[in-house]
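Peer 1: Next one to model:
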Amino acid sequence: MMWRGPACRRYSRAVPVTALLLAVSAPAAALQGAPVSVYRIAPAVDAPLIVASALAILLPTVFASDLVHPRCPCDPGEVNALDRHVIGNHSGFMETASDVTEAVAVIAPLLLDAADVGLGQVFLEDAIVYAEALAVDEALTTLTKYAVRRPRPRVYAGDPAEIRSTDGYLSFYSGHTSVVTAAMAVTAVTLQKRHGQRVWPWIMAAAVGVAVAAQRVAAGQHFYSDVAVGFAAGAATGAAVPLLHARF
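Peer 2: Sure thing, here's the model as predicted:
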């Protein structure tokens with residue numbers, strides 16, 4: 001991931017809003033007494049699942065040239081009528097913005113959780129559940145991308161670099177949207193279980209997920225259907241994994 005230029009600097013001033021929303025939703029541990037453990041960890045299950053997910057992410061990437069064979073230029077007419085409107089979008093600023101949003105959305109919850117509960121056993125439990133949710137989400141995204149091999153909007157628009165790149169054929173579904181929504185959903189479940197926050201964390205999760213989806217569409221990297229499925233997949237994984245570990 002490469003961040004550079006004035007676009008990145010301008011956007012980096014805006015993304016702390018995500019962290020601020022998280023901080024407002026998570027009361028400090030010092031005001032709540034001892035941190036409450038809300039997750040059960042089963043190393044015999046969780047460790048193999050995280051390792052398997054990591055392999056599912058890594059192996060297709062290693063063998064990308066064998067799995068994806070560039071086939072375009074492609075006819076935009078083969079794209080459905082709704083998604084066809086995205087062809088022609090090409091915003092470098094929005095592409096950088098989506099990268100920054102993804103980084104902040106993935107890192108901020110861990111930092112704020114550490115500030116909330118401290119660097120102890122409870123934080124370790126939270127971190128394992130968080131890592132597992134994101135690993136499973138990314139594994140599902142990667143396997144789907146390499147199975148479907150859908151050209152990106154920029155490929156249909158005739159971008160020579162995208163046409164020749166294996167990444168140009170990994171449009172479905174949006175990994176940025178999925179992992180950001182998953183990260184926000186895990187955070188929402190954690191805040192709900194630990195602090196009883198039932199509304200604002202989910203509004204935050206939806207808002208950040210929709211924001212990165214809009215950025216990816218504006219960048220010309222994904223179709224509407226790519227980000228819609230990415231949002232749904234991230235929300236499902238990000239909610240299911242912590243709920244399966246919940247103590248109550």
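
Peer 1: Which residue lies nearest the spatial centre of the protein?
Peer 2: Val179 (1.5 Å; C-alpha atoms, centre = their mean).

Peer 1: pretty sure Arg84 is in contact with Pro76, am I right?
Peer 2: Yes. Taking contacts as C-beta atoms under 8 Å, Arg84 lies within contact range of Pro76: 6.0 Å. In short, each C-beta sits where N, CA and C put it, glycine included.

Peer 1: Enumerate the helices of this protein by residue range, in sequence order.
Peer 2: 5-12, 16-25, 43-62, 64-67, 92-117, 121-148, 153-156, 160-164, 175-195, 200-218, 224-245 (DSSP state H).

Peer 1: how about these, which one is nearest Asn80?
Peer 2: helix 224-245 (7.5 Å; C-beta to C-beta).

Peer 1: now that closest one against helix 43-62, angle please.
Peer 2: 160 degrees (axes from the mean of the first three to the mean of the last three C-alpha atoms, to 10 degrees).

Peer 1: Does anything pack onto helix 224-245? Which helices or strands?
Peer 2: helix 121-148, helix 175-195, helix 200-218 (3 or more C-beta pairs under 8 Å, 6 or more residues apart in numbering; DSSP states H and E).

Peer 1: Can you show me the CA trace of the shortest one as PDB?
Peer 2: Output of helix 200-218 as PDB, limited to C-alpha atoms (Å, rounded to 0.1, in the frame of the first residue of the first chain):
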ATOM      1  CA  TRP A 200     -24.100   4.400  17.900                       C
ATOM      2  CA  PRO A 201     -21.500   1.700  17.300                       C
ATOM      3  CA  TRP A 202     -23.700   0.200  14.600                       C
ATOM      4  CA  ILE A 203     -24.400   3.600  13.000                       C
ATOM      5  CA  MET A 204     -20.700   4.200  13.000                       C
ATOM      6  CA  ALA A 205     -20.000   0.800  11.400                       C
ATOM      7  CA  ALA A 206     -22.500   1.400   8.700                       C
ATOM      8  CA  ALA A 207     -21.300   4.900   8.000                       C
ATOM      9  CA  VAL A 208     -17.600   3.900   7.700                       C
ATOM     10  CA  GLY A 209     -18.500   0.900   5.500                       C
ATOM     11  CA  VAL A 210     -20.600   3.000   3.200                       C
ATOM     12  CA  ALA A 211     -17.900   5.700   3.100                       C
ATOM     13  CA  VAL A 212     -15.200   3.300   1.900                       C
ATOM     14  CA  ALA A 213     -17.600   1.700  -0.600                       C
ATOM     15  CA  ALA A 214     -18.300   5.100  -2.100                       C
ATOM     16  CA  GLN A 215     -14.600   5.800  -2.300                       C
ATOM     17  CA  ARG A 216     -13.900   2.500  -4.200                       C
ATOM     18  CA  VAL A 217     -16.700   3.200  -6.700                       C
ATOM     19  CA  ALA A 218     -15.500   6.700  -7.300                       C
END
